[in-house]
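Novice: Following is a predicted model, sequence given first.
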Amino acid sequence: MSTGPVSWEAPATLDEALALRARHGDEATVVAGGTFLGILLNQGFIRPVRLLSLGRVAGLREIEVAGGELRLGAMATHRNVERHPGVREGWPAIAHAFSVVASRRVRNQATVGGVLADADYASDPPAVLAAHDARVVLRSPAAEREVRISELIRGYYETCIASEELLVGVRVPPAPQRAVYRKFRSRSREDRPCVAVAAARAGDELRVVVGAVAQTPQAFPEVCAAAAGRRPDRALAEEVGRRYAERIEPLADARGSAAYRRRVTAVEVRRAVEALAEEAPDGARAADGRAGREGRP
Amino acid sequence: MTVEVVLNGRRAALECAADEMLLEVLRREGLGSVRATCGIGVCGACTVLVDGEPISGCLMLAAQAEGREVTTVEGLEGRHPVQRAFVEAHAFQCGWCTPGFVLTAKRLLEESPDPSDEEIVEALDGNLCRCGSYVKIVDAVRRAAAGGDGRTSSAS
Amino acid sequence: MIAVGVDPRVTGAQRYSVDVEREGMLHAAFVRSPHAHAEVREVDASAVPAECVVLVPEDVAGLGPCGCQARDQHVLAGPARYAGDVVAAVAAPTREAARAAARLVEVDYEERPAVFDAVAAVAPGAPLLHADAAASAQDAVSIGVRPLAGTNVCHRFQIHHGDVAAGFAEADVVVEEAFRTAGAAHAPMEPHAALAEWEDGRLTVWTGTQTPFNTRTDLAGLFGLAEEDVRIVAPPMGGSFGAKTFVRTEAVVAALARKAGRPVKVVLDRTEEFVTLNRHPATIRVRIGARRDGTLVAKELDCWVDTGAYADCGPGVATKLGYAGVGPYRIPHVRVDSLAVYTNLPPNGAYRGYGAMQSVWASERTMDVLADRLGVSPLELRRRNLLHDGDRFATGEVMHDVQFERCLQAAADAVGYEDDPRGKGLCVLLKGMQTPSRAAIVVERTPVGFLLRSAGCEMGQGVRQSLRLQGAALLDCEPGQIEVPDPDTDTTPYDTRTTSSRTTHMMGRALAEAVADLRSNGAGRGFGEIVNEGGLDPDTGQGVASTHWHQGAAAARVAVDEETGKVTIRDLHAAVYAGRVVHREGAELQNEGSMVMGLGTAMFEALDVGEGQIANANLSDYNLPALGDLPARFTHELVEREGAEVHGLGETALPPVPAAIGNALYSLGLDVRELPITAERVLDAVDGREGAGKAAA
């Protein structure tokens, strides 16, 4: 709690919100879903003087499929994404990744924009969106730009969002042929991930992004490029896994040591790449990675 | 500031600071079933329904509830089929986490009146019970589902 | 309008110790040392707003010390002996104001060397935490504390039974193994809460506690009052599991209230919960000898039990850990050496199982190693050596109403152990009930039925319902006609404390006496008291450890992902001896709850203590078991016997769970020695089994 009264701004339009953002910059703490902010407030890590809520801003909540592209509004909740028929059908790995975040309570409140802007290293959506080559839309009063996830997230809780910008949406290109998201938890089923792997195959191109092991989602395009055009068999999957494990600089936290993360990365990347090669009757089966969760590889 | 909500079926004007959480504000209104426990939205003991959906009262700013329907377990008045089922199954020990489970189960059964075991686990997995009453809690949810109408007497 | 008569736990109407309010009350916040070991040179509260009341060392210089088994605690710490030790406190009109003010108190510390491991703390040259730990005179349940002067050992418990040297000489096979268990948090959902108020020199404290009379005694001693001038009221708790025992926040809050001249209330936040009271980490070495035919001949246990910065009931825990580690077996020669050792970590105290989990882990894992060496089935090895009625235990006491074999067989059958033991593990245990102890109860007639005055404290275990059911049977009325108010030391007769799974048994017996008294004296009131005599000589371990034994067994079946070390528990069963069940649902919940807590202990609960700081002091970094963590098959049974007495079972199903899982892994060649059984440790065990270095990453 602050020492003086905290002000609350709840603009109704994006233009108003951007104007407030431009005026106050980082002196105004943006409130999207509020789950991450709530943790920071409860722990006393921040004492904002001004809160800028996006809750009333028109047009930020939409989820739509237009021209083959998926557009997620920044204020769409995780639960909205998880349940949207268009996402489940067209981008099942994205629906799945959003569905395994935390609990229903968190997913009812936390937003697409918030989770990206928070840049928490253990979050699920950044890795899976990166594997789908998604672009984040940043708006300022004067301009709009799109950045890849790899450009957006710079480090622990650090993004490239400028102090006059707001994250307003995410654009995802037409779905790859196959995509999976695997979330390896080393402890409780309710734990944050120890290692998470998003993998996608679009024609010859392979994309693999590993989350929760380092400050930022880890992707090694040169490793994936070397896999292009090769038979997607176990040997290839193993090689990709091994090379990813060699390249990451893993962190240690309550979920595992750096050494353990490195070992599991090799295994989980291999399993994700193998899952891409599986014949599946429907996208959801390949996307959920559930097969590997209970001890069967 | 004043936050206008519909609280357990009645219009209410909640006086609060902009950085106060719904949990604190509701407790000030005498709704002692919403309990400060972990402070990080993990345990679910402060679960509140906002527009019928469970959220963590400790992570939602009261101001974010403006114009919305807010339901705590007091709003069910002890009459909801889920509450009856919890009593029949004796699905509690100290009772601290029970309101959160009741509200979460209420919402589950509205969405899915005959949930599979996997659905029950997935829906309730985010509510912690340190006393470890999980077996009977699942039994209670199954009883409430079997008892028929998960959609009756919603206060919100 | 809330429907009448519906259980308040389900309507949300239930209120707990956090909800107590008194007119004019202030709220407290504590100033805690960031250092694990430091002299408190100066406390400067000059920046604190005038409306606040600050408690500084000078205010409490004349008070204390206190402590239930060793009087080594003071109201404010000086020196600070762990990171989190309370060195000052503030009271203010709101909790937020108190917390803000506490941050303005400046403390000048001079750091001292610190030690964070019990084995290291007894090594020569280790920093000493307490120059002189005076044994507590007040402990109504005297265990005869045995500190080793000039060391960090605040208690040494020994068992000398037979002649171990001779015993080992007779052994054909000797196995010696070492084990460790991590510290853990009780993590009750409701935090610690207490409210103190003085009136005319009398102190009243409303507090979530399992030990109202012990707390009264300690506070009276601290403030120089007669016990009758201290009143403890114990509202229901939102869980406790041992965390809310003895003096925790009550002394500071009482001192603040005295200085402020107003009631003062404190409610801890979740981070503070992790530095208030935890579970004893332990390092245990087991040496066991058997004849070729599997008969056990000798056993030695050496235990280093980390009691943290203050002894609390560490001596009692080290004692119970010591004799529980012998196991429910006939062993003619036994030596146990169990040390309760100070370290610069938050104090450790009563935790569901009371030391049994730690030594059962070591002892029962060793049994499977021994079985392996003997080429005998783990089930068969146990069966050959289990105690029967009339056998003498290592404490010299004769066993009666023995059900170990029945429990063990039930557990084995539940997982089909004898059909195929691969991937399956067993554990059988004995655990003591607080001995000696006293329980007393008053029964009064009321217009609608009866009222019971019992100091049994409600923490979710259902003590009130259990008393109502027992009362209804004795008084020939409905349970709903019996009122059971909250414990209040002004009106409730003395009871040792609500721990050790003793209340249903002891209070039930006292209630029978009270009802008999009511019937015979013709007045509207009856009184009954039961005294449970016994105890062990701390130097020899001989005497009566427990007038009746908590007995149980568990079995587990596991599957392992050998590439990640992740363990899936397919099947977990506990068989617990209940004797006679009073409240069936309540008993089931205690079994289920103990098993769930056992799962957490087994698989992932561990305090990360680093350099004396609890690094995972929140419920995300410290995982509690969730619904989804339960095995697909999760079952238990209450073993009963016609004519048996009520046997407490609030804890029994916790200690065997980790050992059953550890033994199941051992059956697959995966040897894990340390709790919790993390995926990383299992992966190391996979590497160890394969005899190779780790797989190339």
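Specialist: Arrived safely, thanks for sending.

Novice: Please count neighbours and contacts with C-alpha atoms only from this point.
Specialist: Will do.

Novice: Test of understanding: give the bridge partners of the residue of the stretch 501-650 of chain C found nearest chain A.
Specialist: The minimum distance from the stretch 501-650 of chain C to chain A, using CA to the nearest CA, falls at C:Asp561 (4.3 Å). Per DSSP bridges, residues listed as beta-bridge partners of C:Asp561: C:Lys566.

Novice: Pull the number of nearby residues for it.
Specialist: C:Asp561 has 19 neighbouring residues, counting by other CA atoms under 10 Å in any protein chain shown.

Novice: my read: it touches C:Leu665, true?
Specialist: No. Here C:Asp561 lies out of contact with C:Leu665, judged by CA atoms under 8 Å, at a distance of 11.6 Å.

Novice: Tell me which residues are up against the one helix or strand B:Ile120 maps to.
Specialist: B:Ile120 belongs to helix B:117-124 when assigned by DSSP states H and E. Helix B:117-124 is contacted by residues A:Ser103, A:Arg104, B:Phe101, B:Thr104, B:Ala105, B:Leu108, B:Val138, B:Val141, C:Leu627, C:Gly628 when judged by CA atoms under 8 Å, 6 or more residues apart in numbering or on different chains.

Novice: what's the spacing between it and its chain's center?
Specialist: Computed by CA atoms, centre = their mean, to the nearest Å, the separation of helix B:117-124 from the middle of its chain amounts to 16 Å.

Novice: hmm, who's touching stretch C:660-674?
Specialist: Contacts of stretch C:660-674 (CA under 8 Å, 6+ apart): C:178-182, C:365, C:368, C:421-427, C:554-558, C:569, C:602, C:677, C:681-682, C:685-686, C:688-689.

Novice: These in helices, which ones?
Specialist: C:Arg365, C:Asp368, C:Ala602, C:Arg681, C:Val682, C:Ala685, C:Val686, C:Gly688, C:Arg689 (DSSP state H).

Novice: What about the spatially closest residue to the third one that is not a sequence neighbour, how many residues nearby?
Specialist: Distances taken as CA to CA, 6 or more residues apart in numbering or on different chains put C:Pro658 closest to C:Ala602, at 4.4 Å, once the chain neighbours are dropped. Other residues near C:Pro658 number 32, with proximity taken as other CA under 10 Å.

Novice: got the contact list for C:Pro658?
Specialist: C:Pro658 makes contact with C:Met357, C:Trp361, C:Gly598, C:Leu599, C:Thr601, C:Ala602, C:Met603, C:Leu675, according to CA under 8 Å, 6+ apart.

Novice: Just the buried ones among those residues, please.
Specialist: C:Met357, C:Trp361, C:Gly598, C:Leu599, C:Thr601, C:Ala602, C:Met603, C:Leu675 (16 or more other CA atoms under 10 Å in any protein chain shown).

Novice: Using the three-state scheme, assign the fourth one.
Specialist: In three-state terms, and counting by DSSP: H, G, I helix; E, B strand; the rest coil, C:Leu599 is helix.

Novice: Name the helix or strand for C:Asp59, please.
Specialist: Judged by DSSP H and E, C:Asp59 forms part of helix C:57-60.

Novice: immediately after that helix, which helix or strand?
Specialist: Past helix C:57-60, the next helix or strand by DSSP H and E is strand C:70-71.

Novice: Can you name every helix or strand that the helix or strand containing C:Ala88 contacts?
Specialist: Under the criterion of DSSP H and E, C:Ala88 resides in strand C:86-92. Counting contacts by 3 or more CA pairs under 8 Å, 6 or more residues apart in numbering or on different chains; DSSP states H and E, strand C:86-92 is packed against strand C:26-32, strand C:53-55, helix C:95-102, helix C:250-260.

Novice: mind checking which of the ones you listed is nearest chain B?
Specialist: It's helix C:95-102; of the helices and strands packed on strand C:86-92, that one is closest to chain B (CA to the nearest CA) at 11.5 Å.

Novice: show me where pLDDT drops low in the stretch 1-150 of chain A?
Specialist: A:1-3 (pLDDT under 70).

Novice: got the residue ranges for the strands in it?
Specialist: Secondary structure of the stretch 1-150 of chain A (DSSP state E, counting those that start in this stretch): strands at A:7-9, A:28-31, A:50-53, A:63-66, A:69-73, A:135-139, A:144-148.

Novice: Do the second one and chain B come into contact?
Specialist: No. For strand A:28-31, no contact with chain B is found by CA under 8 Å from any CA of the partner chain; the gap never falls below 9.1 Å.

Novice: What residues does the stretch 251-400 of chain C have near chain B?
Specialist: Residues of the stretch 251-400 of chain C lying near chain B (CA under 8 Å from any CA): C:Asp269, C:Arg270.

Novice: Do you have the strands of the stretch 251-400 of chain C handy? List them.
Specialist: C:264-267, C:282-290, C:296-308, C:333-342.

Novice: Okay, now the sheet partners of the shortest one, with direction.
Specialist: Using DSSP bridges, strand C:264-267 pairs in its sheet with strand C:26-32 (parallel), strand C:193-199 (antiparallel).

Novice: Could you do the longest one as well?
Specialist: Under the criterion DSSP bridges, strand C:296-308 sits next to strand C:282-290 (antiparallel), strand C:333-342 (parallel) in its sheet.

Novice: I'd like the ones you listed as JSON lines, with mean pLDDT appended.
Specialist: Shown next, in JSON lines, are the strands paired with strand C:296-308 (pLDDT from 0 to 100):
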{"stretch": "strand C:282-290", "mean pLDDT": "98"}
{"stretch": "strand C:333-342", "mean pLDDT": "98"}
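
Novice: which of the ones you listed is buried the deepest?
Specialist: strand C:333-342 (a mean of 28; mean count of other CA atoms under 10 Å in any protein chain shown).

Novice: Figure out how far that strand is from the centre of its chain.
Specialist: Distance, centroid of strand C:333-342 to centroid of chain: 18 Å (CA atoms, centre = their mean).

Novice: What of stretch C:340-358?
Specialist: 8 Å.

Novice: mind checking the SS state of the residue nearest the centre of chain B?
Specialist: In chain B, the centroid-proximal residue (CA atoms, centre = their mean) is B:Leu103; its distance is 2.9 Å. Assigned by three-state DSSP, the conformation of B:Leu103 is helix.

Novice: can you list contacts of stretch C:478-491?
Specialist: The contact list for stretch C:478-491 (CA under 8 Å, 6+ apart) reads C:212-213, C:216, C:228, C:231-236, C:448-457, C:464-465, C:467-469, C:471-472.

Novice: if we can go back for a sec, pick out whichever of the buried ones among the contacts of C:Pro658 sits closest to C:Gly535.
Specialist: C:Met357 (20.9 Å; CA to CA).
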